[in-house]
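**Q** just a sequence and a predicted model for now, questions to come.
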Amino acid sequence: MAGKSPVETVELLIEAFHKGDVDAGMALYEKDGMIVVEPGVVASGGEGLREAIAGFIAVNATITSTSHKVFESGDLALFCSSWKMAGTAPDGSPIEQEGMSTDVLRRAPDGTWLIAIDNPWGTAVLLSNVG
């Protein structure tokens, strides 16, 4: 189930990643939602979202949101945050990343918030040719 606020929905997504629960992660996105997997690579819809979420989970990372701001207008919200991630690549090498996220969430008819666009790379997407 999605969160009662944009912040709670994002917190539930991080929790799903930590638990390795792809289905719980999927439940937090609109059915046609999208994720910027990395600058230049976008995944959307059912199988695309599932593969992207599974890919993030496969890194077995600890994700920490270090700060955030939320801007709401009616049933839309822009969630901006800074984050850090530490994990292990499939080849066993350590991964450490950080960035600034810009996500769009929409309030569902039941009052919960779902992710429509998940962009963990913020303005770094401007450096890619896709989008």
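**A** Now that the structure is in, tell me what you want to look at.
**Q** the bottom helix or strand of the chain by mean pLDDT?
**A** The helix or strand of the chain with the lowest confidence, counting by mean pLDDT, DSSP states H and E, is helix 45-58 at a mean of 92.
**Q** list the strands paired with the helix or strand residue 35 falls within, with their directions.
**A** Take DSSP states H and E as the rule and residue 35 turns out to sit in strand 29-38. Partner strands and pairing direction for strand 29-38 (DSSP bridges) are strand 41-44 (antiparallel), strand 113-119 (parallel).
**Q** if we can go back for a sec, for the least confident helix or strand of the chain, packing partners?
**A** Helix 45-58 makes packing contacts with helix 6-19, helix 22-26, strand 29-38, strand 41-44 when contacts are defined by 3 or more C-beta pairs under 8 Å, 6 or more residues apart in numbering; DSSP states H and E. Placement of C-beta: from N, CA and C, glycine included.
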